[in-house]
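Asks: Could you work out the structure for the sequence below:
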Amino acid sequence: GYAANAQASLLRRARSNIVGMIVPKYDNRYFGAIAEKFEALARARGLFPVITCTQREPALEVEAAKELISFQAECLIATGATDPDKLTALCQAAGVQSFNLDLPGFAAPSVISDNYTGAYQLTEILLDRCKADLGLDGPLWFVGGRVTDHNTSARLKGFRDAHLARGIEVPDSQVLVPGYSADRAEQALRALPKFDKLGMFVNSTISLEGVVRWYRGLGDEPFQFRYGCFDYDPFAALLPGNVGMVEQDTTAMLNTVFDLMDRQEAPAEPVLVPCILRGVGQ
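Replies: You can find the predicted model right below:
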């Protein structure tokens with residue numbers, strides 16, 4: 001019936017074997033996959049993983065980082081943090097190794113998806129399908145995310161550049177960035193005029209929920225609709241009108257973080273991990 005006392009062991013070994021992760025949300029497949037893979041990789045190295053969700057609230061991120069440091073976590077991985085450099089400063093003051101995942105910072109090594117290339121490729125698929133299926137030559141709509149967010153800005157640049165490569169300008173009025181929220185995406189779309197045909201780049205599966213609600217709410221006024229989504233969900237891939245999804249390679253991202261952790265390396269520039277483009281063919 002003996003059980004080791006973790007606090008006593010910590011005092012004896014001067015090591016906790018704790019590795020912490022902060023995530024912004026649990027309510028989508030992407031962050032859920034990150035959390036699950038993080039636990040598996042940590043345990044495989046004999047580390048004890050601790051995960052806390054901070055709801056994209058800066059104050060909660062700081063509180064969580066301080067708590068993990070107080071338990072002498074040996075490393076902190078800040079995933080999608082609103083102010084990663086502030087968390088890095090706390091870690092550096094306590095001598096705790098830190099990494100940024102999903103969103104980059106300047107003060108710690110960062111591992112992120114290649115958002116620009118993934119968005120560029122998805123936009124190309126969308127433009128091709130809108131031309132072939134609907135006869136649309138005009139620009140697509142961009143829906144979801146925050147323009148101040150690194151990932152959104154990189155995806156928006158890829159979206160615009162793919163249009164420019166075909167000589168198409170995207171007016172600012174067709175870029176709707178109300179945040180990562182299904183409710184806000186739905187509200188923004190309700191203000192659109194009526195269309196016979198429409199092509200749309202949806203920035204996240206969270207925003208896609210709002211897009212689907214809006215489309216269903218049109219009732220007897222449906223129109224020809226093609227869209228693609230940055231982020232992947234196997235159920236969303238089955239929805240009518242969905243022509244492609246970008247899957248962020250969470251396994252490769254976390255393998256990269258743990259590899260840097262093991263080798264004590266700190267690259268100056270963010271490490272870009274290629275995305276997986278899934279043409280769902282609907």
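
Asks: Residue 27 contacts residue 206, doesn't it?
Replies: Yes - under the criterion of Cβ atoms under 8 Å, residue 27 makes contact with residue 206 at 7.4 Å. (Glycine included, C-beta is placed from N, CA and C.)

Asks: Which of these two has more residues huddled nearby?
Replies: residue 206 (22 against 13; other Cβ atoms under 10 Å).

Asks: Please save the CA atoms from stretch 17-26 in PDB.
Replies: What follows is stretch 17-26, C-alpha atoms only, in PDB (Å, rounded to 0.1, in the frame of the first residue of the first chain):
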ATOM      1  CA  ASN A  17       9.500  15.700 -14.000                       C
ATOM      2  CA  ILE A  18       6.500  17.900 -14.600                       C
ATOM      3  CA  VAL A  19       6.000  19.500 -18.000                       C
ATOM      4  CA  GLY A  20       3.100  21.900 -18.300                       C
ATOM      5  CA  MET A  21       0.900  23.100 -21.200                       C
ATOM      6  CA  ILE A  22      -1.500  26.000 -21.500                       C
ATOM      7  CA  VAL A  23      -4.200  25.700 -24.100                       C
ATOM      8  CA  PRO A  24      -6.800  28.400 -25.000                       C
ATOM      9  CA  LYS A  25      -9.800  26.100 -25.700                       C
ATOM     10  CA  TYR A  26     -11.000  22.500 -25.400                       C
END
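
Asks: buried sites along it?
Replies: Using 16 or more other Cβ atoms under 10 Å as the test for burial, stretch 17-26 gives 17-25.

Asks: Could you give the separation of it from the chain centroid?
Replies: Stretch 17-26 sits 15 Å away from the centroid of its parent chain (Cα atoms, centre = their mean, to the nearest Å).

Asks: who's in contact with it?
Replies: Stretch 17-26 has contacts (Cβ atoms under 8 Å, 6 or more residues apart in numbering) with 31-32, 34-35, 38, 42, 46-56, 61, 64-65, 68, 71-82, 87, 101, 206.

Asks: cool, and stretch 94-102?
Replies: Outside stretch 94-102, the residues that reach it (Cβ under 8 Å, 6+ apart) are 21, 34, 69, 73-81, 84, 87-88, 91-92, 108-113, 151, 253-254, 257, 260-261, 270.

Asks: Kindly write the ChimeraX command that selects the buried subset of the contacts of stretch 17-26.
Replies: Buried members of the contacts of stretch 17-26, defined by 16+ other Cβ under 10 Å, are picked up in ChimeraX with:
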select :31,34,35,38,42,47,48,49,50,51,53,54,56,61,64,65,68,72,73,74,75,76,77,78,79,80,81,82,87,101,206
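
Asks: Which of the contacts of stretch 17-26 fall in helices?
Replies: 31-32, 34-35, 38, 42, 61, 64-65, 68, 87, 206 (DSSP state H).

Asks: Serialize the residues you listed to JSON lines and add fields for pLDDT and distance to residue 200.
Replies: Shown next, in JSON lines, are the ones in helices among the contacts of stretch 17-26 (pLDDT from 0 to 100; distance: Cβ to Cβ, whole Å):
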{"residue": "31", "pLDDT": "93", "distance to residue 200": "23"}
{"residue": "32", "pLDDT": "92", "distance to residue 200": "25"}
{"residue": "34", "pLDDT": "96", "distance to residue 200": "26"}
{"residue": "35", "pLDDT": "95", "distance to residue 200": "29"}
{"residue": "38", "pLDDT": "97", "distance to residue 200": "32"}
{"residue": "42", "pLDDT": "96", "distance to residue 200": "38"}
{"residue": "61", "pLDDT": "96", "distance to residue 200": "32"}
{"residue": "64", "pLDDT": "96", "distance to residue 200": "35"}
{"residue": "65", "pLDDT": "96", "distance to residue 200": "37"}
{"residue": "68", "pLDDT": "96", "distance to residue 200": "39"}
{"residue": "87", "pLDDT": "97", "distance to residue 200": "34"}
{"residue": "206", "pLDDT": "92", "distance to residue 200": "15"}
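
Asks: In JSON lines, list the residues you listed along with distance to residue 185.
Replies: What follows is the ones in helices among the contacts of stretch 17-26, written out as JSON lines (distance: Cβ to Cβ, whole Å):
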{"residue": "31", "distance to residue 185": "18"}
{"residue": "32", "distance to residue 185": "20"}
{"residue": "34", "distance to residue 185": "22"}
{"residue": "35", "distance to residue 185": "24"}
{"residue": "38", "distance to residue 185": "28"}
{"residue": "42", "distance to residue 185": "34"}
{"residue": "61", "distance to residue 185": "24"}
{"residue": "64", "distance to residue 185": "27"}
{"residue": "65", "distance to residue 185": "30"}
{"residue": "68", "distance to residue 185": "33"}
{"residue": "87", "distance to residue 185": "28"}
{"residue": "206", "distance to residue 185": "8"}
